[in-house]
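*Asks:* Next one to model:
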Amino acid sequence: MLFRILIIFTIIPVIELAVLIKVGGAIGTWNTIMIILITGVWGAILAKSQGMLVLQRIREDMAAGIMPTEELFNGALILVGGALLLTPGFVTDFLGLIFMIPQTMSMIKHYIKHLIQHKIDSGQITTHWN
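*Replies:* Here you go, the predicted model:
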């Protein structure tokens, strides 16, 4: 786990920096800064609007007596996607966008559910139901 955190907080910023330098050299510093600012604002707006829709669906499910597990999962993915879009850089923006597009979001959900089920089946995660 420590190794994964090390990768996230060291390797990804180095990759982002390299991409920013390359793009800045190709299109100019101010154009690069403007793109980063625009994607940050756009990401905040998109995360807020998608998050509000998820909250509305959670309320509807709860009012109907349905446990909103799918919507809670969607909300978590939107939160991650929004955070990635707000993080300056092209790589994180691309990843954040992947988390926001419904088709790719469903693929990510499927993968995470499969991963969790595999960990439960192999005994790496245990559940205790009362």
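
*Asks:* At which residues are the strands of this structure located?
*Replies:* Here the chain has no strands by DSSP state E.

*Asks:* So which helix or strand of it has the lowest pLDDT on average?
*Replies:* When each helix and strand of the chain is scored by mean pLDDT, DSSP states H and E, helix 2-6 comes last, with a mean of 85.

*Asks:* elements contacting it?
*Replies:* Packing partners of helix 2-6 (3 or more C-beta pairs under 8 Å, 6 or more residues apart in numbering; DSSP states H and E): none among the helices and strands. No exception for glycine: its C-beta is placed from N, CA and C like everyone else's.

*Asks:* And residue 123, its phi and psi?
*Replies:* phi 90, psi 10 (degrees, to the nearest 10).

*Asks:* List the contacts of it.
*Replies:* Counting by C-beta atoms under 8 Å, 6 or more residues apart in numbering, residue 123 touches no other residue.

*Asks:* how far away is it from residue 115?
*Replies:* Distance, residue 123 to residue 115, using C-beta to C-beta, to the nearest Å: 14 Å.
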